[in-house]
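Chemist: below is the sequence, then the predicted model.
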Amino acid sequence: MNYFEKLSTLLSMEREEDKQLFYNTLATTTINQRRIDGNTWYPIIIKTVEIGMGEYLSIEIERPSHHEIIHHFRFGMQVAIFSNIDPLNHRIWGHVSSLLENTMKISLRIDELPDWTQKGKLGVDLLFDEYSYDQMQKALDNASDQRNLKPLIQVITGAKKPTFTPHAPLVYSPSLNDSQKSAIQKIVSAENIAIVHGPPGTGKTTTLIEATKALLQANARQLLIVAPSNTAVDLLTEKLMEAQVRVVRVGNPLRITPRLLYSTLDAQVAQQTQMTDAKKIRKRANQFRETAQKYKRSFGKAEREQRKALFSEAVNLMKEANRLEQAATQSVLNSARVITATLVGSNHSALDKRTFGTVIIDEAGQALEPACWIPILKGEKLILTGDHQQLPPTVKSKKAVEQGLTETLMAKCVHLYPESVITLTEQYRMHASIMHFPSLKFYNENLTAHPSVATARLFPTDKPLQFIDTAGCGFYEQHQESSISNPEEASFLFQYLATFLNDLALHYSPNDYPSIGIISPYAAQVNQLITLFETSPLFLYKEKIAINTIDGFQGQERDIVLISMTRSNPRREIGFLADIRRMNVAMTRAKKKLVIIGDSLTLSSSFFYAEFIRYTEEEQAYHSAWEYINL
């Protein structure tokens, strides 16, 4: 089995597992729960109905309420419009053609809306995301076909060694440190692949933006910059705009700010002169279509011919409108120096047959490899940036995990080609005491703390690092359906935090309180923490306190981070805490104070956690929970 056949097999395993889980959940949840989960808009209003390609309809819908619920609808995804009168039988299928805040355009493969859409309340369900899997599989098939033709594919798969061309010294921003400058030099001189390993807080995004500017100066060809998540793409797009780089964001931004909205392909295309003519032509086409639909179903031959002629004219007009829109789209894309998108979004129809001198994949340490091949096939040179020592992409199939689907392309290439790797070594986030243990265990003790953060404390006498040991307190874990909680540990955490906030109040006013993150590895413990928080006096600080899983906090930072480790049992089992990359993420979210609460007897069954506890003892950061109980 060759390289791409193995990836295809693993991807098929994941697709089937993901599909089964999705539809099992869909079949057993109410409309209200699906809405809460972000998989349904209900109710919805149909705002417009227009003719799309051929005789098919394009409808624009709006959700008039529940705007606060974060949803999972994205461009290209399959959806179903349904009626609450008969949700199982009154359904029509389509796909999302555009999305903006609380409005969505859906292409439907029908020529008329059914009568039931005029009755009862309507909703739209997100269906299983076949689109993303189809695009990944297509990319793997294409990569397999081209593996002997494209040098970049041969390098990535280990058939050829990476090469570098000496480049004249670059002029750097004075704010960059030596490792950042080395990374940019490596990126510019690489002929096929370069890897920037950016541990937490080391200024990876800053380096990436400066590298982009250097690449554009060295080579006039357009760049494609992608990332696994919309959030990461949005951040990069904003930073590029701030750096005055001409950028077009393809796809739908997660954060709709006026500045970011203007960067989108749709917004920029709408400003093109061709769009005025296209809009007029579409209006005429819809007038023909509406006239044709006035004919009753029981009409004679002459009427049937007339109806057919009207539909035919509408289709011809739509073809002309589409031609104008495509011309406007390509005009906008041609004017950009950089195009940004998600991994799957880089296969947007507007980018068909468009190639790039360099493809940059950010957050590559969290990117599923089959998705990476979508943008890779569009470029001649690849830059991977990220941190493979943090959490890998989520894979639902245990069998696919066991056979290697969570191993990222970045991790493979770091191992295969160390000469292509530059690690950023100066971090600008954490106090030195917080940084030292992750640096020792994950980054060969190469991290240094910039002077601006190395000794920064919340107040002069505060301890930046604490491990609070609950051993002997009787705070035992409780097992639920698919997760684990520890109610007594959660209660203790808030007791500790309330006492600490009293100390903090001596140094800060309510308006300038530090930001606080409360983290647990387990979703059930997060739910327990949220429930306690909502009924606690600390809820007054809700604007300053965020509670989430470790996975949910990846990529974020807070002044203060408290971690509820949750596990406490006589068997000394730690479950998925054994994946120590999860703790690397958790520990490195904190800027000025990190507090870890857990049972040392359970945790020290792992060599990693035993070493951490010893480290806290050496740093005089070890405490027993008994020191804080009933204070």
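Modeler: Here it is on my side, so go on. Residues are numbered from 1 along each chain as shown.
Chemist: what distance do you get for residue 192 to residue 510?
Modeler: Separation of residue 192 from residue 510 (Cβ to Cβ, to the nearest Å) stands at 54 Å. The way it works is simple: take the backbone N, C-alpha and C, and place the C-beta from them, glycine included.
Chemist: the more surrounded of those two?
Modeler: Taking neighbours as other Cβ atoms under 10 Å, residue 192 and residue 510 compare with residue 192 leading, 22 against 10.
Chemist: contacting residues around the residue nearest to the more buried one when sequence neighbours are not counted?
Modeler: With sequence-adjacent residues excluded and distances taken as Cβ to Cβ, 6 or more residues apart in numbering, residue 192 is closest to residue 155, at 4.7 Å. Shown in contact with residue 155 (Cβ atoms under 8 Å, 6 or more residues apart in numbering): 161-162, 192-193.
Chemist: for residue 155, pull up the helix or strand it's in.
Modeler: Here residue 155 sits within helix 151-156, counting by DSSP states H and E.
Chemist: pull out the buried positions in that helix.
Modeler: Burial within helix 151-156, assessed by neighbour count using 16 or more other Cβ atoms under 10 Å, is assigned to 152-156.
Chemist: CA atoms only for it, dumped as PDB, please.
Modeler: Extracted in PDB, the C-alpha atoms of helix 151-156 (Å, rounded to 0.1, in the frame of the first residue of the first chain):
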ATOM      1  CA  PRO A 151       9.000  17.600  -7.100                       C
ATOM      2  CA  LEU A 152       7.100  19.000  -4.000                       C
ATOM      3  CA  ILE A 153       5.100  15.800  -3.700                       C
ATOM      4  CA  GLN A 154       8.300  13.800  -3.900                       C
ATOM      5  CA  VAL A 155       9.900  15.800  -1.200                       C
ATOM      6  CA  ILE A 156       7.000  15.600   1.200                       C
END
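Chemist: next helix or strand past that helix?
Modeler: Using DSSP H and E, the first helix or strand after helix 151-156 is helix 178-189.
Chemist: starting at the chain centroid, how far to that next one?
Modeler: 26 Å (Cα atoms, centre = their mean, to the nearest Å).
Chemist: what residues does it touch?
Modeler: By Cβ under 8 Å, 6+ apart, the list of residues contacting helix 178-189 reads 164-167, 170, 172, 176, 194, 196, 202-203, 206-207, 210-211, 214-215, 218, 383, 420, 422-426.
Chemist: ok, so of the buried residues of helix 151-156, who is nearest residue 259?
Modeler: Distance to residue 259 across those (Cβ to Cβ) is lowest for residue 152, with 33.9 Å.
Chemist: and the pLDDT at the closest one?
Modeler: pLDDT recorded at residue 152 is 95.
Chemist: roughly how far does it sit from residue 279?
Modeler: Using Cβ to Cβ, residue 152 is found at 41 Å from residue 279.
Chemist: run through the bridge partners of residue 224.
Modeler: In this structure, residue 224 bridges to residue 339, residue 359 when assessed by DSSP bridges.
Chemist: and the contacts of residue 155, which of them are buried?
Modeler: 162, 192-193.
Chemist: quick one: least confident helix or strand in this structure?
Modeler: helix 274-293 (a mean of 71; mean pLDDT, DSSP states H and E).
Chemist: which parts of stretch 550-559 are buried?
Modeler: 550, 553-554, 557-559.
Chemist: same check on stretch 436-443?
Modeler: In terms of neighbour count (16+ other Cβ under 10 Å), stretch 436-443 has its buried residues at 436-439, 441-443.
Chemist: helix or strand for residue 602, which one?
Modeler: Under the criterion of DSSP H and E, residue 602 resides in helix 600-603.
Chemist: near residue 574, how many other residues are there?
Modeler: Neighbours of residue 574 under the rule other Cβ under 10 Å: 23.
Chemist: then the one 4 residues further on?
Modeler: The burial metric for residue 578, expressed as a neighbour count using other Cβ under 10 Å, is 13.
Chemist: next one: residue 45
Modeler: Using other Cβ under 10 Å, residue 45 has 12 neighbouring residues.
Chemist: one more: residue 325?
Modeler: 20.
Chemist: that one and residue 278 touch, don't they?
Modeler: Yes: Residue 325 lies in contact with residue 278 (Cβ atoms under 8 Å); the separation is 5.1 Å.
Chemist: what's the longest strand that the chain contains packed up against?
Modeler: Determined from DSSP state E, the single longest strand within the chain is strand 40-51. On a contact count with 3 or more Cβ pairs under 8 Å, 6 or more residues apart in numbering; DSSP states H and E, strand 40-51 meets helix 31-36, strand 57-62, strand 122-126, helix 274-293, helix 301-335.
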